[in-house]
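Undergrad: kindly generate the corresponding structure for this input.
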Amino acid sequence: MTTQSHAVTVRGVDSALASAPASAEIWHQALAHTLRPDENVLATLDVDLDERLQYRNGILALTNQRLLAVQADPAQALAWQSWPLEASTRLQHHDHAGVGHIELVNDTQRLAVWRFTLGQNLQALRLLGQFEALQHHHSGQELPASNASSCPSCKAPLEPDQEECPVCTKVVHTPPSTWTLLRLWRFAKPYKGQLILGFVLLLLGTAASQVPPYLTVPLVDEVLIPYQNGQPIPIGTVALYLAGLLGAGVLAWGLSWGKTYVLALVSERIAADLRTTTYEHLLRLSLEYFGGKRTGDLLSRVGSESDRIAVYLSLHLTDFASDVVMIVMTAVILFSMNPWLALITLVPLPFIGWMIHFVRFRLRTGFEKIDRVWGEVTNVLADTIPGIRVVKAFAQETREANRFREANRHNLLVNDRINRIWSLFSPTVSLLTEIGLLVVWGFGIWQIAHGMITVGMLLAAIAYISRFYGRLDSMSRIVSVTQKSASAAKRIFDILDHVSSVPEPANPVPLQQVRGDIEVRELGFRYGNREVNKGINLSIQAGEMIGLVGHSGSGKSTLVNLMCRFYDVSEGAILVDGVDIRQYALADYRRHIGLVLQEPFLFFGTIADNIAYGKPDATREEIIAAARAAHAHEFILRLPQGYDSMVGERGQGLSGGERQRISIARALLINPRILILDEATASVDSETEKEIQKALDNLVQGRTTIAIAHRLSTLQRANRLVVLDKGRVVEEGPHDALMAAQGAYYNLYQAQARQQAEDAQRVGSGSEA
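TA: From the prediction side, this is the model:
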């Protein structure tokens with residue numbers, strides 16, 4: 001295969017592409033000028049890294065005839081390269097440490113390679129798919145230039161009525177089914193007795209409410225009409241009927257109150273159990289699940305979605321059940337009074353049923369989309385409020401306000417689509433019921449004229465029919481809230497149905513005491529389609545301190561996350577005291593691990609509560625002893641309420657060093673046999689680091705310790721250093737031996753020493769100035 005190169009200059013485009021960053025529209029404009037008359041673009045990839053992994057604009061395009069590529073170079077005009085499509089050529093895709101690679105190869109050599117950040121990975125996958133499809137049809141049959149509809153971001157084909165791209169969203173959103181609400185029965189089952197009581201009260205209350213219209217028949221036919229014909233009013237009879245009306249009304253009120261109270265209590269408890277179960281299930285899921293979710297979306301699901309279900313169960317579902325019972329009883333009474341009037345009453349039903357079927361699908365897809373869009377709004381809040389200090393420090397209030405305004409605008413547009421449908425549906429149902437009532441009046445007057453029924457019977461029938469149509473209209477309106485609740489239930493059950501990627505063992509090995517021996521055997525781990533660690537073998541003796549060093553992205557933090565079993569290995573195994581950690585119960589195993597992170601997380605509460613988080617029953621003496629060992633006791637006593645001083649959310653009000661020492665005290669209190677230090681001193685100054693280092697010296701004594709540190713000098717106390725590069729162990733040994741070997745560790749150490757010397761020199765020259 002030969003690579004063809006040619007320079008092209010497009011007026012107003014060449015200079016724009018040479019500058020960074022250029023927009024995608026400009027790149028595609030330049031691409032359009034390069035195409036042949038019969039050439040069509042099938043897929044593109046925005047290439048944003050060069051061979052030195054420096055940011056540089058570029059594009060890789062697949063057409064129905066060849067591959068085209070170019071990268072901006074300020075020193076020269078755009079030089080497009082092209083490769084004809086041949087049966088022997090193929091594209092290979094892989095990624096590592098946040099960098100994606102696509103290689104064009106044939107049977108003998110690599111022809112070209114393009115590098116990009118993983119933000120462009122969806123485009124890369126799309127291009128690969130199109131390339132494979134084109135190779136499969138390389139018989140000469142021409143492919144269509146484009147699809148009728150495609151995603152503007154990744155060009156993936158879309159159905160005619162599909163608004164969201166399943167590739168870009170990474171999730172195929174299936175419309176929520178109303179049957180999803182039936183899954184709530186598992187939460188309602190414990191309250192079966194109360195539900196039966198509520199249903200009985202519902203039946204009795206509905207029956208009582210049917211009495212008043214029936215009593216109007218004798219009142220009209222035996223009292224009012226005879227009085228108009230000159231007969232006296234029988235006071236006793238009238239009093240009896242009025243007492244019946246009053247008694248039926250009071251009885252219906254009492255039964256309705258009892259029904260509403262009982263069912264409201266049950267529905268609130270169902271929603272509370274649902275909320276608690278969802279939260280507990282969330283806590284059992286692995287970090288992998290949370291890595292792909294937004295905080296605001298999860299808060300919305302556990303909070304507002306469960307509240308919506310509670311309101312639906314306590315109000316709307318109860319009303320729906322009452323409507324159904326009322327309609328059935330009314331229909332029975334109408335048929336017993338006059339079958340012809342009853343049949344006329346049913347005329348609007350087929351039309352209303354057709355409308356409900358027509359609208360229901362659009363409502364259920366629309367309301368599920370509304371929930372997702374509302375999650376976007378809460379995501380902006382969840383991002384901005386915890387990070388308000390950063391927002392203000394960089395004066396980005398306007399930008400965040402614009403983000404919120406855009407999310408809110410999207411929410412408004414989606415709601416407007418639903419309201420257009422619903423605003424037509426509800427009045428149409430009301431119009432149909434009014435027409436039905438008009439037909440009943442006309443037919444009833446005709447029957448009276450022919451002596452088939454009395455005036456009292458018609459008035460009673462009209463009263464029942466009005467109730468029938470009123471409840472029918474109410475039932476049609478519940479379609480909206482039912483679909484909203486089905487959408488909410490689906491989003492909650494999406495959480496409950498998710499199986500943790502770090503499962504509990506079926507028959508866990510008991511774990512009372514831990515010595516701290518750790519063995520890593522042929523460990524491999526992939527995060528999605530990205531390989532992070534590969535072929536790691538490591539043996540750590542109880543009480544030994546191991547330092548993990550390497551460049552950013554070399555897999556250090558991933559390795560300690562696997563040791564904590566935040567994730568499960570993809571290949572190989574990790575053994576503690578000779579047993580695979582996947583055979584231990586998670587809580588039993590993690591109880592013996594102390595974790596000190598680079599950014600310590602403190603909860604809203606007192607200092608004492610935060611220190612005792614891993615051991616809630618700790619005495620005040622144990623808390624103080626842990627704080628002393630962590631060199632935190634002195635600054636805690638200087639706080640207004642000492643150990644009872646309140647800590648703001650995420651440790652607001654404390655310095656980074658103070659938060660870190662509280663974190664160390666928290667780890668000390670549980671007396672772990674295995675200790676993980678992940679960049680514990682990376683975010684503090686030198687003086688604070690000395691204080692933290694003293695606390696860490698107390699913490700590591702007698703414990704198996706795995707430490708990651710940005711400053712390599714802090715790991716010289718380690719018994720051994722393990723050097724990782726691209727997810728593999730490349731060196732292992734004590735500091736002095738690794739320095740003498742002048743390998744990867746030596747290069748890291750020297751590079752860091754030079755950087756520190758340059759920083760010191762820069763600070764010194766700044767001070768002199």
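Undergrad: lowest-confidence helix or strand of this protein?
TA: Every helix and strand of the chain was ranked by mean pLDDT, DSSP states H and E. The lowest is helix 166-169, at a mean of 44.
Undergrad: could you find the closest non-adjacent residue to R565?
TA: I581 (5.5 Å; Cβ to Cβ, 6 or more residues apart in numbering). For the C-beta atoms, the positions are set from N, CA and C on the backbone; glycine is no exception.
Undergrad: and the next element down the chain from the least confident helix or strand of the chain?
TA: helix 185-188 (DSSP states H and E).
Undergrad: now what about stretch 499-507, what contacts it?
TA: Identification of contacts with stretch 499-507 by Cβ atoms under 8 Å, 6 or more residues apart in numbering yields 284-286, 288-289, 565-568, 582-586.
Undergrad: for it, buried residues please.
TA: Under the neighbour-count criterion of 16 or more other Cβ atoms under 10 Å, stretch 499-507 has V502 buried.
Undergrad: for stretch 245-252, same thing?
TA: Buried, per 16+ other Cβ under 10 Å, within stretch 245-252: L245, A248, L251, A252.
Undergrad: max-length helix in this structure?
TA: The longest helix of the chain (DSSP state H) is helix 397-449.
Undergrad: re the thing from before, which ones are touching the residue nearest to R565?
TA: M563, R565, I574, L575, Y589.
Undergrad: same question for V311.
TA: With Cβ under 8 Å, 6+ apart, V311 has no contacts at all.
Undergrad: which stretches of the stretch 151-300 of the chain form helices?
TA: Assigned by DSSP state H, counting those that start in this stretch, the stretch 151-300 of the chain shows helices spanning 166-169, 185-188, 192-209, 211-218, 225-228, 235-284, 287-291, 295-300.
Undergrad: now do the fifth one: which elements does it pack against?
TA: For helix 225-228, the packing partners by 3 or more Cβ pairs under 8 Å, 6 or more residues apart in numbering; DSSP states H and E come out as none at all, with no helix or strand in contact.
Undergrad: ok, residues contacting that helix?
TA: In contact with helix 225-228 (Cβ under 8 Å, 6+ apart) are residues I233, V455, G456.
Undergrad: apart from its neighbours in sequence, what residue is nearest the first one?
TA: Counting by Cβ to Cβ, 6+ apart, Y227 is the residue found nearest to I233 once chain neighbours are left out, at 5.3 Å.
Undergrad: distance of that neighbour from P234?
TA: To P234, Y227 is 9 Å away according to Cβ to Cβ, to the nearest Å.
Undergrad: go on, N402?
TA: To P234, N402 is 77 Å away according to Cβ to Cβ.
Undergrad: out of these two, which sits in the more crowded spot?
TA: The neighbour comparison of N402 against P234 (other Cβ atoms under 10 Å) goes to P234, with 14 against 11.
Undergrad: mind listing what that one touches?
TA: With Cβ under 8 Å, 6+ apart, P234 has these contacts: E222, V223.
Undergrad: from A248, how far off is it?
TA: P234 is 20 Å from A248, by Cβ to Cβ.
Undergrad: same question for P350.
TA: 33 Å.
Undergrad: cool, E599 as well?
TA: Counting by Cβ to Cβ - E599 and A248 are separated by 68 Å.
Undergrad: and L712, by the same measure?
TA: From L712 to A248 the distance is 88 Å (Cβ to Cβ).
Undergrad: cool, L242 as well?
TA: For L242 relative to A248 (Cβ to Cβ), the value is 11 Å.
Undergrad: give the buried residues for stretch 307-322.
TA: 308-314, 316-322.
Undergrad: identify the farthest-apart pair in those residues.
TA: R308 and S322 (20.3 Å; Cβ to Cβ).
Undergrad: pretty sure F603 is touching V647, no?
TA: Yes: under the criterion of Cβ atoms under 8 Å, F603 makes contact with V647 at 7.4 Å.
Undergrad: more crowded one of those two?
TA: V647 (21 against 12).
Undergrad: so who does that one touch?
TA: With Cβ under 8 Å, 6+ apart, V647 has these contacts: L602, F603, F604, G605, T606, I607, N610, G653, L654.
Undergrad: who are the contact partners of the last one?
TA: If a contact means Cβ under 8 Å, 6+ apart, then L654 has L602, V647, I662 as its contacts.
Undergrad: which ones among those map onto strands?
TA: Filtering the contacts of L654 for membership in strands, criterion DSSP state E, returns V647.
Undergrad: Q71: which of the contacts of L654 is nearest?
TA: Checking these one by one against Q71 (Cβ to Cβ), the nearest turns out to be L602, at 46.4 Å.
Undergrad: for the closest one, give its distance to Q660.
TA: Counting by Cβ to Cβ - L602 and Q660 are separated by 10 Å.
Undergrad: would you mind writing the CA trace of the helix or strand hosting L45 as PDB?
TA: Assessed by DSSP H and E, L45 sits inside strand 41-49. Taking Å, rounded to 0.1, in the frame of the first residue of the first chain, the C-alpha atoms of strand 41-49 are listed here in PDB:
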ATOM      1  CA  VAL A  41     -17.600  10.500   4.500                       C
ATOM      2  CA  LEU A  42     -18.800   7.600   6.600                       C
ATOM      3  CA  ALA A  43     -17.200   8.400  10.000                       C
ATOM      4  CA  THR A  44     -14.700  10.800  11.500                       C
ATOM      5  CA  LEU A  45     -12.500  10.900  14.600                       C
ATOM      6  CA  ASP A  46     -11.200  14.100  16.200                       C
ATOM      7  CA  VAL A  47      -7.500  13.300  16.800                       C
ATOM      8  CA  ASP A  48      -6.300  15.600  19.600                       C
ATOM      9  CA  LEU A  49      -2.800  14.200  20.500                       C
END
